[in-house]
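Sequence first, then the predicted structure, then my questions.
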2 protein chains.
Amino acid sequence: MSFTQAAHKLLVIPGPIEFSDPVLLANATPGTAHTSPAFIPVFGESLSLLRDVLLSKKESGSQPFLIAGSGTLGWDATAANLIEQGEEAVVLNTGYFSDGFADCLEAYGAKVTQVKAEVGSIPTDDAIISALASKPKLLTITHVDTSTGVLSPAGHIASLVKKHSPDTLIALDAVCSVASEEIKFDEWGVDVVLSATQKGLGVPPGLSVVLASKRAIQTVESRKTPIGAYYISWKRWTPVMQNYEAGKPSYFATPPVQLIYALNTSLKAILSSPIADRFAAHKKASAYVKDSLAELGLDFVPKSRDIAANGMTAVRFPKGVTAPDVLPKLAEKDIVVAGGIHKAIASEYFRIGHMGITAVDRERGDLEKVIKGVKEVLGKA
Amino acid sequence: MSFTQAAHKLLVIPGPIEFSDPVLLANATPGTAHTSPAFIPVFGESLSLLRDVLLSKKESGSQPFLIAGSGTLGWDATAANLIEQGEEAVVLNTGYFSDGFADCLEAYGAKVTQVKAEVGSIPTDDAIISALASKPKLLTITHVDTSTGVLSPAGHIASLVKKHSPDTLIALDAVCSVASEEIKFDEWGVDVVLSATQKGLGVPPGLSVVLASKRAIQTVESRKTPIGAYYISWKRWTPVMQNYEAGKPSYFATPPVQLIYALNTSLKAILSSPIADRFAAHKKASAYVKDSLAELGLDFVPKSRDIAANGMTAVRFPKGVTAPDVLPKLAEKDIVVAGGIHKAIASEYFRIGHMGITAVDRERGDLEKVIKGVKEVLGKA
């Protein structure tokens, strides 16, 4: 099935990533009705498999949503459904994408307090506990901020919230962490995981992936004011998702049928081995990349290895070297990495993605190719 | 390239429709960065080609938007960007989808007046003129209401608005009409055309397609209150779309790269012949379907042929016949049509889609197969 993989550059940015042939083939599924007996079980099963990836049981009352949209749409879903005008939200800020989540919350009327970490760091426990003193409605965590490659200790942060402000809802922006970093949805007591398909899930972009807790759904049901949005209203989507999961057709807006076939294919591949093995494979791939770059004398944006993502690496250029010295030369070798996007340091670093088949199927040799390319371009081969 | 078309049922509902092999192959494009030199011109060209399909010149200042989402998202975009709390909107209601647009406008704070037509009819000129007396901010037209197959005379209605309330913005829900019915965006003076890819455009679902007029963009820029949404804010997307059209990378949320490759492929095919020929082909296909069904003694939901869509047909069952007598039997013959969804008459009719390659590439024989199937199932072969 190499039809789709005709000479293309190796895509090792922190999303979109490389997609497997079966996933691409599924994305080319012929015209199929969103209410057809062929598609309904595929959609329903995908919702259920998403819970499995996030270690959530159906009995917990957690509710998955698969809706056409970018990952960003998950911010809107969180804000529009859970926040009423003037309610407080705390944003733990570890980079560019935390800024975006804060902007989105404010657009829907939230009063946002940001707990900003230094670039490459995470907020301290004390700062988090202090921000919880006002008992905010919502606290957001950017699990992996794609701009810095910083991995927030989501489970630990959730435990702080449970201790110091148990009624505060916890939203985890997991766009760059689902299926590459461990998420224990039920055990941690997270209320929203929001993500997208084009990163750890290994599916073309265009599908917003959300899991909401029973508590989050109840919060929507007990709102005092109506939801100030339409397309992302969980009140409208919840019965649709529940019907599909129960094997019944349902309609609110047309789902992206082909992307859901592709996601179904990828979820089954992901869950064909114990999920713990997948996270271990990402850790191993990450260690290979980071160790190899460290051997070249390069520094990283995250200030320590224990807060560095396993699905991507944000690495600083050597002194005197800039993006135009590196990125175009890697592209000439058919290797596509990403430049920096965190305003404060944008010109000082670049980013390598190692999620999905690139991390798990090491026989592809993707990461060896990247490291070899970086060595050559930096004159250290 | 028959790889993708392995035995599947003929999809002749009013969307999603049958997709061509080149479109499906484009939807299987390997992992490609949204900011890559390969993708930028594809995205930029697609924006420009969309204007061509809608007969709008770039010099008019019209602004296309291609954003991951269902067609429904276009309602949110219209409402959130153009309406401020308490402003008036008039909804010309020709069915289920007009109801939805009204609900969406209300979710964003609009004071909605509906001009409801009888099922199968369109609002009278007098009723429209009367609704314009209050000089509403916005008037919406459902070009083809997919629930009834009624085609509204959008150009004529626009001329009424220009005469009786020229400052009123005109939004055309063209989900089920773009590339199957003629739309003269600039000539008619429409302010928003909102659509989706899975109907006349012949591309898998998941992409919200919008064209906004210069006046609509200026309306957003001169709002008194901030936009109460984030993902669909035109303030955030306009510079991104303008950058891509100018050949420059830009980022707000990750675009659905594969769907845009697929759309680009379809738009080029659509525009490879004069667009007038395409509309003529849809009229011819529609006449064939409607004449053939009329010969069987069947009646239609639209009360006359001149307000019947050319991309679909809503046809009533003969007396004593219901959906379970027809739809499953057609499915056994690998023909998928759609049931009724307009509440008032849901059990009394069914719907056949004839958009895209089914209408244009008549050598496929799709429509002959459908008519033959209907004849057999109704015992009239």
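Right, received. Where do you want to start?

can you give me how far the one helix or strand A:Leu25 maps to is from the chain middle?
Assigned by DSSP states H and E, A:Leu25 belongs to helix A:21-27. On the basis of C-alpha atoms, centre = their mean, to the nearest Å, helix A:21-27 sits 21 Å off its chain's mean C-alpha point.

Over to stretch A:132-150?
With C-alpha atoms, centre = their mean, you get 13 Å for stretch A:132-150.

Buried ones in it, by neighbour count?
By neighbour count on 16 or more other C-beta atoms under 10 Å in any protein chain shown, the buried set for stretch A:132-150 is A:132, A:136-150. C-beta: built from backbone N, CA, C; applies to glycine.

Give me the nearest residue to A:Met312, chain neighbours excluded.
A:Pro14 (3.9 Å; C-beta to C-beta, 6 or more residues apart in numbering or on different chains).

Tell me how many other residues surround that neighbour.
27 (other C-beta atoms under 10 Å in any protein chain shown).

same deal with A:Gly86?
By other C-beta under 10 Å, neighbour count at A:Gly86 equals 9.

With A:Trp237 instead?
22.

The one 5 residues further on now?
Other residues near A:Gln242 number 15, with proximity taken as other C-beta under 10 Å.

Please apply the same query to the one 4 residues further on.
When neighbours are counted by other C-beta under 10 Å, A:Ala246 registers 10.

residue boundaries of the helices in the stretch 151-300 of chain A?
A:154-164, A:185-188, A:214-221, A:234-245, A:257-270, A:275-295 (DSSP state H, counting those that start in this stretch).

Ok, which of those helices comes nearest chain B?
helix A:257-270 (4.2 Å; C-beta to the nearest C-beta).

any bit of that closest one sitting next to chain B?
Yes: judged by C-beta under 8 Å from any C-beta of the partner chain, helix A:257-270 comes into contact with chain B at A:257-259.

To which secondary structure element type does the residue nearest to A:Met312 belong?
Under DSSP: H, G, I helix; E, B strand; the rest coil, A:Pro14 falls in the coil class.

list the contacts for it?
A:146, A:149, A:176, A:199, A:311-312, A:338, A:351-353, A:355 (C-beta atoms under 8 Å, 6 or more residues apart in numbering or on different chains).

at 10 Å instead, please
Listed by C-beta atoms under 10 Å, 6 or more residues apart in numbering or on different chains, the contact partners of A:Pro14 are A:144, A:146-147, A:149, A:175-176, A:180, A:198-199, A:309, A:311-314, A:337-338, A:341, A:351-355.

got it, and A:Ser62?
Here A:Ser62 is in contact with A:50-51, A:54, A:56, A:185-186, A:190-191, A:193, A:211-217 (criterion: C-beta under 10 Å, 6+ apart).

again with A:Thr322
Neighbour list for A:Thr322: A:339, A:347-348, A:350 [criterion: C-beta under 10 Å, 6+ apart].

most surrounded residue in these?
Of those, with other C-beta under 10 Å as the count, A:Phe350 tops at 24 neighbours.

Test my guess that that one contacts A:Lys329.
No: A:Phe350 is not in contact with A:Lys329 according to C-beta atoms under 10 Å; the separation is 11.7 Å.

Show me the common contact partners of the two, please.
Counting by C-beta under 10 Å, 6+ apart, the residues touching both A:Phe350 and A:Lys329 are A:Val374.

Report whether stretch A:176-192 contacts chain B.
No: Stretch A:176-192 lies out of reach of chain B by C-beta under 10 Å from any C-beta of the partner chain, never closer than 11.1 Å.

Can you point out the buried residues in that stretch?
For stretch A:176-192, by 16+ other C-beta under 10 Å, it's A:176-183, A:185-186, A:188-192.

In space, what's closest to the closest residue to chain B within the stretch 101-250 of chain A - neighbours in sequence excluded?
Nearest to chain B in the stretch 101-250 of chain A, going by C-beta to the nearest C-beta, is A:Gly206, at a distance of 3.1 Å. Closest residue in space to A:Gly206, ignoring its immediate chain neighbours: B:Pro256 at 3.1 Å, by C-beta to C-beta, 6+ apart.

quick one: that neighbour from A:Lys58, how far?
B:Pro256 is 29 Å from A:Lys58, where distance means C-beta to C-beta, to the nearest Å.

before we move on, what about A:Leu11?
34 Å.

go on, A:Leu92?
29 Å.

So between those two, which is more surrounded?
More crowded of A:Leu92 and A:Lys58, by other C-beta under 10 Å: A:Leu92, with 24 against 13.

Quick check, pLDDT for that one.
For A:Leu92, the model assigns a pLDDT of 98.

mind saving the C-alpha coords of the host helix or strand of it as PDB?
Per DSSP H and E, A:Leu92 falls inside strand A:88-93. Written as PDB, here are the backbone C-alpha positions of strand A:88-93 (Å, rounded to 0.1, in the frame of the first residue of the first chain):
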ATOM      1  CA  GLU A  88     -13.100  32.700  37.300                       C
ATOM      2  CA  ALA A  89     -10.600  30.500  35.500                       C
ATOM      3  CA  VAL A  90      -7.000  29.900  36.300                       C
ATOM      4  CA  VAL A  91      -4.700  29.200  33.400                       C
ATOM      5  CA  LEU A  92      -1.400  27.500  34.200                       C
ATOM      6  CA  ASN A  93       0.800  29.100  31.500                       C
END
